[in-house]
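Engineer: compute the structure for the input listed below.
(2 chains)
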Amino acid sequence: MAKAPVLTPRGDDFPRWYQDVVAKAELADNGPVRGTMVIRPYAYAIWERMQAELDRRIKATGAENAYFPLFIPESYLRREAEHVEGFSPELAVVTHGGGKELEEPVVVRPTSETVINSYFAKWVQSYRDLPLLINQWANVVRWELRPRLFLRTTEFLWQEGHTAHATEAEAAAFAERILGEVYEDFMVEVLAIPVLTGRKTARERFAGASNTLTCEAMMGDGKALQMGTSHELGQNFARAFDITFSDETGSQEHVWQTSWGVSTRMVGGLIMCHGDDAGLRLPPALAPTQVVVVLVRAEDGAGEAAATLRDELVAAGVRTSLDDRLGTSFGRRSVEWELKGVPLRVEVGPRELADGVVTLVERHRGTKTAVALAEVVDRVGSSLIEGQRHLLAEATRLREERTVEVATLEEALDAASSGFARLPWAVVGEEGERRLAERGLTVRCLVRADGAGIAATEEDLVAVVARAY
RNA sequence: CGGGGAGUAGCGCAGCGGUAGCGCACCUGCUUUGGGAGCAGGAGGUCGCGGGUUCAAAUCCCGUCUCCCCGACCA
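Structural biologist: Residues are numbered from 1 along each chain as shown, chains lettered A, B, ... in the order given. Below you'll find the predicted structure:
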C-alpha cells in the first residue's frame, strides 16, 4: 500500500514543494511579524557551515571582521542620493525610544554603507591607511511586501564587506576578487551550485554603486536566483561622507570603494538547486552531518558495531552522527534523513552484520550498496567526494539544457519562460529591458561572449535573460 | 495601493441556526520495529475581535482586525 508522498512533488507545484521542504526538514518557521523568519537549528547549522567556509575565504583576502550598530541616523541614509532613493521604500524606521518620541528618527540598517563610511572618514587619513578592508556578519531589515522563507524575508542574516582603496583600478580588482575567489569559489566548491558571474545592467545595479557584479544560479524550475553581489561604489560614498586621504605627493584624494554581500538567501538557493521529491540534498562539503549511522535493530552486537563505526568515522574526520532511536520505526527514520538531505546513511543491523557488511545509502543517487565493515571508512570517504561532484555535475547539466542562444528579443521572451536565454546585449538595450520587465523577465547579468572573466566594457556583451526569484 | 479568497485544536480542513467535529501530529499502555507501525485509551477550543438579531449564533446582520493569492521594487 503506497503512502501519500511526503512532499508535494516538485514537478506538480514547485513553490508548494519548496514550502513543504522548509517545513518538513525543520528548516524554518514564519515569525510572528509578517515577513520575519525563525531559523530552526538544522538550517542554522547549515548557515554556520556557510559562514565558516566564507569567513575563511574572506579573511584570506586580508579583510577583518568588525561590528557596526543596528541603528542608523535617518540623516545618514539621505547623504547619498541614489542610495536613499533605492532603499527608502523598504526602510523600518524607529520613531520612539525610552518612552519618548525621538528628535531624529533612526532607521534599522538595510545595509551598512552609511554608518561604516562615516567611520571610514575618521579612520582614513593617509595612503598608508589603505586599503581598509572590513567585513561584518549581521542582520539587516528590508521591509518586504511579498516574503518567502530564506529567499525574501524582512529580516535576514548576511555578511557585508566594505573596503576603501587608493585607486579605482585597485577597488575594481578587489570587487572582482571577492566575486571570484570568495563567492564563486564557495558556491561551486562547497555548495556545488554552478554560477554565472557577470555584471548587472544599470537598471539592476545596487543603489549607490557605479558597477555591480553578481553570481547568478539556476534553480530546479529554471528560474534564476541572485546568490551574491559585489559592488564598485566608485567615489560616491567617499564624497558623501568625505572620506579622503593624503597620497604620496601630499594631495587630498577621495578613496575608491567596494561593498559585497551574501545572505541566508543561499539556503533557499541550496534547497531549490539540489532538492528532489524526497527532500533536501546537501553537498557533502557543506553538510553539518555528512554521515548518519542508522542502527536498524540492536540485536547480536549491532548496537556496539554501530557505535564503533560512528567513532571510527569521527576519528577519520567525517562529520558523523548515530541514530539509535529504536523506538521510532526504521522507515520513519529513513524518511527523516532523506528529507534533511544527509549525504550518506550507513545502515547497521544484525541481518547484514552476520555477513560482515553494512548498507551504504547515497542520498545524491539513491543507491544502496553492501560494504564490508573493514572498508566502510574508505568507501564513505570516496562516496562523499563522488557525491559532491555528482551534485555539481547534475546542476551544471540541467543549467546547460535549459540555456538557449537566441538572436532577437522576441525569441528571448519565449525562451526565458523556462530557463536562461542568451542574446547580444546590443539587441536588448534599455528599451528591451523595459519590454522584458513587462513580461516578468530581467537581464540577470551581462557576460563576455568568450566567457573569459568579467567584462569591463559595454562592448561585445551577452545578456542572460530569465525569470528570477 | 487595485482585484480575488480565507479566519474553527500544533498543522490541514469539515460543519453554515439547536451538545464543537474529522485527518495528521501529541500523551499513556500493550504488541511491534529491515522504508512514514497497529490496536486501545487520552489530552487539547473565549470557532480572529467587537456589537447586533434570536428562546438559542461557529452558523444570520453590521463593523473591525489579520492573513493568503494575483499586478509595480529588492541579498
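
Engineer: A:Phe14 and A:Gly220 touch, don't they?
Structural biologist: Yes - assessed by CB atoms under 8 Å, A:Phe14 is found in contact with A:Gly220 at 7.1 Å. Using the backbone N, CA and C atoms, a C-beta is placed for each residue, glycine as well.

Engineer: hey, what's the residue of the stretch 51-200 of chain A found nearest RNA strand B bridged with?
Structural biologist: Across the stretch 51-200 of chain A, the shortest distance to RNA strand B (CB to the nearest atom of the strand) belongs to A:Phe156, at 3.8 Å. Going by DSSP bridges, A:Phe156 is paired in beta bridges with A:Val140.

Engineer: would you agree it is in contact with A:Arg265?
Structural biologist: Yes - when contacts are counted by CB under 8 Å, A:Phe156 is listed as touching A:Arg265 (6.8 Å).

Engineer: my guess is A:Gln51 contacts A:Gln159. True?
Structural biologist: Yes - A:Gln51 is within contact range of A:Gln159, at 7.4 Å (criterion: CB under 8 Å).

Engineer: who has more neighbours out of the two?
Structural biologist: Neighbours per residue, other CB atoms under 10 Å: of A:Gln51 and A:Gln159, the larger number sits with A:Gln159, 21 against 16.

Engineer: now that one. Nearest residue, chain neighbours left out?
Structural biologist: Closest residue in space to A:Gln159, ignoring its immediate chain neighbours: A:Trp137 at 5.3 Å, by CB to CB, 6 or more residues apart in numbering.

Engineer: which of the helices or strands spans A:Phe245?
Structural biologist: With secondary structure defined by DSSP states H and E, A:Phe245 is part of strand A:244-246.

Engineer: packing partners of the following helix or strand past that strand?
Structural biologist: Beyond strand A:244-246 on the C-terminal side, the first helix or strand identified by DSSP H and E is strand A:252-254. Counting contacts by 3 or more CB pairs under 8 Å, 6 or more residues apart in numbering; DSSP states H and E, strand A:252-254 is packed against strand A:244-246.

Engineer: now do the buried residues in the strand it packs on.
Structural biologist: Along strand A:244-246, the positions that meet the burial threshold by neighbour count (16 or more other CB atoms under 10 Å) are A:Thr244, A:Phe245.

Engineer: rewinding a little: how far off centre is the strand holding A:Phe245?
Structural biologist: Taking CA atoms, centre = their mean, to the nearest Å, the mean C-alpha location of strand A:244-246 is offset from the chain mean by 36 Å.

Engineer: other residues contacting that strand?
Structural biologist: When contacts are defined by CB atoms under 8 Å, 6 or more residues apart in numbering, strand A:244-246 is touched by residues A:121, A:124-127, A:129-130, A:166, A:238, A:252-255.

Engineer: circling back to that earlier point, so the residue nearest to A:Gln159, which of the three states?
Structural biologist: The assignment at A:Trp137 comes out as strand when based on DSSP: H, G, I helix; E, B strand; the rest coil.

Engineer: contacts (any at all) between RNA strand B and the strand or helix carrying A:Glu431?
Structural biologist: Counting by DSSP H and E, the element that carries A:Glu431 is helix A:425-438. Yes - Helix A:425-438 comes into contact with RNA strand B when judged by CB under 7 Å from any atom of the strand, the residues involved being A:Ala437, A:Glu438.

Engineer: pull the CA atoms of that helix into PDB?
Structural biologist: As requested, the backbone C-alpha atoms of helix A:425-438 are provided in PDB (Å, rounded to 0.1, in the frame of the first residue of the first chain):
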ATOM      1  CA  TRP A 425      23.200  43.000 -25.100                       C
ATOM      2  CA  ALA A 426      23.200  45.300 -28.100                       C
ATOM      3  CA  VAL A 427      20.000  43.700 -29.200                       C
ATOM      4  CA  VAL A 428      18.300  44.300 -25.800                       C
ATOM      5  CA  GLY A 429      19.300  47.700 -24.600                       C
ATOM      6  CA  GLU A 430      17.400  49.700 -22.000                       C
ATOM      7  CA  GLU A 431      14.200  49.700 -24.100                       C
ATOM      8  CA  GLY A 432      14.500  45.900 -24.400                       C
ATOM      9  CA  GLU A 433      14.900  45.600 -20.700                       C
ATOM     10  CA  ARG A 434      11.600  47.500 -20.200                       C
ATOM     11  CA  ARG A 435       9.800  45.200 -22.600                       C
ATOM     12  CA  LEU A 436      11.300  42.100 -20.800                       C
ATOM     13  CA  ALA A 437      10.100  43.500 -17.400                       C
ATOM     14  CA  GLU A 438       6.600  43.800 -18.700                       C
END
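
Engineer: quick check: which helices or strands does that helix pack against?
Structural biologist: Packed against helix A:425-438, as judged by 3+ CB pairs under 8 Å, 6+ apart, are the following elements: helix A:409-415, strand A:442-448, strand A:461-466.
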